[in-house]
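Enquirer: After the sequence you'll find the predicted model.
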Amino acid sequence: MTLQGETALVTGGTSGIGRAVAERLAGDGAETIITGRDASRGEEVVEAIESAGGQARFIAADLADLEQVKHLAAVAGDVDVLVNNAGVFPGGPTDQTTEQAFDVNFAVNVKAPFFLTGAIAPRMVAKGGGSIINISTMAATIGMSGLAAYGASKAALESLTKAWTAEYGPHGVRVNTVAPGPTRTATSEAMGDMFDALAATLPVGRGAAVEEIAAAVSFLASEDASFVYGATLATDGGRVAV
C-alpha cells in the first residue's frame with residue numbers, strides 16, 4: 001500500500017492511536033499533517049516521522065473550539081486523506097455526567113469532524129476523490145455501562161459515515177469508519193487491571209496494539225480499499241460479533 005504524493009491530515013495525532021496512524025501513513029509515503037493541543041508533543045511526533053524518512057508538519061488546534069476547527073481546515077489546505085481521530089471520552093454514570101462534560105464530548109467527537117469534513121470534503125470532490133476515515137469505538141455498537149455519552153457521540157459519527165457516503169461517494173470520496181476495541185495506549189495503561197479485564201472479554205483474549213489499529217486505517221486510506229464505501233471496520237478482536 002502506498003500513499004506517495006498524497007497528503008494526510010490526522011486529528012489528535014500527538015499520542016496513542018492518532019500518533020500510530022500518523023506514523024503509519026507517513027511510512028506509507030503521505031505527507032502527514034498532525035493536529036493536537038500540545039505543540040511540544042506535536043513537534044516530537046514530527047521529528048520521529050522525519051527521522052524515519054517521512055514528511056510531516058504540526059498544526060496546533062483545540063477541536064472543542066469551532067473557530068480553531070475552521071482555522072485548521074484553512075491552514076491544512078487540500079488533503080487526500082482525512083482521519084477524524086481526535087476524541088474525548090468522559091466516563092461515569094449518566095446521572096453524574098455534567099452538562100459541560102456532555103457538551104465537550106459532542107463538540108470534539110461530533111461537531112469538530114462534522115465541520116472539518118464539511119470544509120475538506122468539497123475540496124476532495126474538486127480534485128476527483130479522497131478518503132475520509134472516522135475513528136469510532138465498539139461502545140458505539142454495544143451498550144457499556146458508564147460510557148453512555150461517549151458511545152452516543154461515536155454512534156453519531158458512524159451515522160455521519162453513512163450520510164457522507166451518500167453525499168460524497170458519488171464524487172469519488174470514500175468515507176469509512178474504524179471502530180477499535182480496547183487498545184493499549186498511555187491512557188489505557190492508567191486503567192491497570194480494569195483494562196486487562198475488559199480485554200479478556202474479547203474473543204481474541206487481548207487488547208490491540210496501536211499499530212494494529214493504524215494498519216486498518218492505512219488499508220482504508222489506500223487504493224486497496226477502492227471499492228469500500230460507508231463501511232465500519234470493527235478492529236475489536238471480535239467483540240461486537242459475539
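Expert: Now that the structure is in, tell me what you want to look at.

Enquirer: Report all helices and strands that the helix or strand hosting Asn134 contacts.
Expert: Using DSSP states H and E, Asn134 sits in strand 130-135. Contacts defined by 3 or more CB pairs under 8 Å, 6 or more residues apart in numbering; DSSP states H and E place strand 130-135 against strand 81-84, helix 112-127, helix 148-168, strand 173-180, helix 210-221. Backbone N, C-alpha and C define where each C-beta goes, glycine included.

Enquirer: Least confident secondary structure element in this structure?
Expert: Least confident helix or strand, the chain: helix 186-189 with a mean of 77, by mean pLDDT, DSSP states H and E.

Enquirer: so what's the residue nearest the centre of the chain up against?
Expert: Centroid check for the chain by CA atoms, centre = their mean gives Asn85 as the closest residue, at 2.1 Å. With contact taken as CB atoms under 8 Å, 6 or more residues apart in numbering, Asn85 is in contact with Val10, Thr11, Gly12, Gly13, Ile17, Gly18, Val21, Ile135.

Enquirer: Single out the most deeply packed of the helices and strands packed on strand 130-135.
Expert: Stretch with highest mean neighbour count among the helices and strands packed on strand 130-135: strand 81-84 (a mean of 28; mean count of other CB atoms under 10 Å).

Enquirer: ok, that strand: who's next to it in the sheet?
Expert: strand 7-10 (parallel), strand 130-135 (parallel) (DSSP bridges).

Enquirer: ok, Asp38 touching Thr14?
Expert: Yes: taking CB atoms under 8 Å as the definition, Asp38 is a contact partner of Thr14 at 5.7 Å.

Enquirer: So the two - more neighbours on which side?
Expert: Shown here are Asp38 and Thr14; by other CB atoms under 10 Å, Thr14 has more neighbours (25 against 12).

Enquirer: okay, that one: pLDDT?
Expert: pLDDT, Thr14: 97.

Enquirer: Against Val45, how distant is it?
Expert: Using CB to CB, to the nearest Å, Thr14 is found at 6 Å from Val45.

Enquirer: Between the two, which contacts overlap?
Expert: In contact with both Thr14 and Val45: Ile34, using CB under 8 Å, 6+ apart.

Enquirer: which residues does the residue of the chain most remote from its centre contact?
Expert: Distance to the chain centre peaks in the chain at Asp95, reaching 28.1 Å (criterion: CA atoms, centre = their mean). Contacts for Asp95 were tallied using CB under 8 Å, 6+ apart; there are none.
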